[in-house]
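>>> A predicted structure for the sequence below; I have some questions about it.
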Amino acid sequence: MRVLLIAALYTAIVSTANADTSKLEALKIGDMRKLQFHTISKSIPQTEFIKENGDVALLSSLEGKIVLLNFWATWCAPCRKEMPQLSELQRLLGGDDFEVLTIATGRNDPVKMQLFFDQIGINNLPLDRDPQQSLARAMGLLGLPASIIIDRGGHEVARMLGDADWNSDSAIAIIKTIIAN
């Protein structure tokens, strides 16, 4: 009897997850077609990164809100193209329910990071760092830029490799739908 109950519960959870994913898949247009939703959310590693102020932090400190985590580097041309879109998404939707978190991974001099943001007019995103690429490696990144959507429970629900227009109608609709769930 217990096995049947567990099987029924699992089926209900999977059916709900697939329904939510199907709704989100339908919103993917343009650059957002590269966004890959997971059928089952993935755990986020408890690997430290360095906040802009020098403090050490974990992604789990952001539980309770939806996070668009973006890994970038000062030498990355697609990152330069994408960053203003991320900034605008943060301006539009950022708050108690949603945050764009930008983490420069690898050797990125904080002075050059600030110059990078200054040159493209970014003043509302964090200059957090992953200098040893520990977090990037723990998350299995294969290139930059990389964007990861993390749910309120601190689980990865989607991932995109490469730049995208995060200020597009499609991206905004996807993020708003995730926030609403």
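Looks like it arrived, so ask away. Small disclaimer: the values here were computed from a predicted structure and weren't measured.

>>> can you give me the helices in this protein?
Secondary structure of the chain by DSSP state H: the helices cover 2-26, 77-93, 110-120, 134-138, 169-180.

>>> what about the ones you listed, which gets the closest to residue 44?
With distances scored as C-beta to C-beta, the stretch of the helices of the chain nearest to residue 44 is helix 134-138 (8.8 Å). From N, CA and C alone the C-beta is placed, and that goes for glycine too.

>>> on that earlier part again, can you lay out the helices of the chain as CSV showing mean pLDDT and distance to residue 54?
Below are those laid out as CSV (pLDDT from 0 to 100; distance: least, C-beta to C-beta, whole Å):
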stretch, mean pLDDT, distance to residue 54
helix 2-26, 51, 37
helix 77-93, 97, 22
helix 110-120, 97, 9
helix 134-138, 98, 16
helix 169-180, 97, 30
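
>>> Would you mind putting these into a markdown table with mean neighbour count and distance to residue 67 alongside?
Converted to a markdown table, the helices of the chain look like this (neighbours: other C-beta atoms under 10 Å; distance: least, C-beta to C-beta, whole Å):
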| stretch | mean neighbour count | distance to residue 67 |
| --- | --- | --- |
| helix 2-26 | 11 | 16 |
| helix 77-93 | 19 | 11 |
| helix 110-120 | 14 | 19 |
| helix 134-138 | 17 | 13 |
| helix 169-180 | 17 | 10 |
